[in-house]
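# Need a 3D model of the sequence below.
(one chain, ligands or ions: 1)
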Amino acid sequence: MTSTPRSQAVVIPEPSTGPRFYEQTWDLSYRHALGNTTSRFLAGLAAGRVYGRACSQCRRVLVPARSFCDRCHRATGDWLQVSTSGVIEMFTVVYEPFRGLPEPPYALAYVMLDGADTALPGYVRGLDLTDVEAVTKTLAIGTRVRVAFAENSVGSVADYWFELETDSADPSVGANG
Ligand SMILES: [Zn+2]
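Prediction:
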């Protein structure tokens, strides 16, 4: 009876050129199911209202409305209407083009709406974005903005954006043009 000789382990040297890569370009279209909570949140935007859902345990009002609390991992319960006015938590101004996104420059911000416990992301419109230093001051954290709604809703996040909430009671605002 003859037996097949077993392969012996061999020592393979590390490639001397360092890590290797294989480059690919993927172009995928994907259809996301929005689910009940996001669908109702978007319907609210179409009606000019911003809704959040409260966590049944920590009571935080999650905006945009979510099905589950990311902190307690519990299903959310009550729906609450929050203010369309709030403060900038963070922002960025994009000067490079990205496929599928608007022509740069454009500004994005996370805004904590009054009555909400999590920030809503969105575009900030109505700004002159040519001077990045000036924009950084205009969109400073804590700046008040309000939600503006599209006249003709399309049932997506394009239905709203943020605009500066200019305080007419403050004489320094607008005094220098
Ligand atoms: Zn919670």
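# Going by C-alpha atoms from here, please, whenever you check contacts or count neighbours.
Noted.
# Need the residue closest to the centroid of this structure.
residue 121 (3.9 Å; Cα atoms, centre = their mean).
# burial of the closest residue to that one other than its chain neighbours, as a residue count?
Excluding the flanking residues, the one nearest residue 121 by Cα to Cα, 6 or more residues apart in numbering is residue 110, at 4.2 Å. Applying other Cα atoms under 10 Å, we find 21 residues neighbouring residue 110.
# Before we move on, what's the pLDDT of residue 110?
Per-residue confidence (pLDDT) for residue 110: 98.
# and it, what element?
Counting by DSSP states H and E, the element that carries residue 110 is strand 106-113.
# Give the pairing partners of that strand; include direction for each.
strand 85-94 (antiparallel), strand 120-124 (antiparallel) (DSSP bridges).
# closest to the ion out of those?
Nearest of those to the ion, taken as Cα to the ion: strand 120-124 at 17.2 Å.
# how about residue 135, secondary structure?
Secondary structure for residue 135, judged by DSSP: H, G, I helix; E, B strand; the rest coil, is helix.
# Could you export the strands paired with strand 106-113 as TSV, including distance to residue 9 and mean pLDDT?
Output for these, formatted as TSV (distance: least, Cα to Cα, whole Å; pLDDT from 0 to 100):
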stretch	distance to residue 9	mean pLDDT
strand 85-94	53	97
strand 120-124	55	97
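# And the strands in the protein, which stretches?
Assigned by DSSP state E, the strands in the chain fall at 50-55, 61-62, 76-82, 85-94, 106-113, 120-124, 144-149, 160-164.
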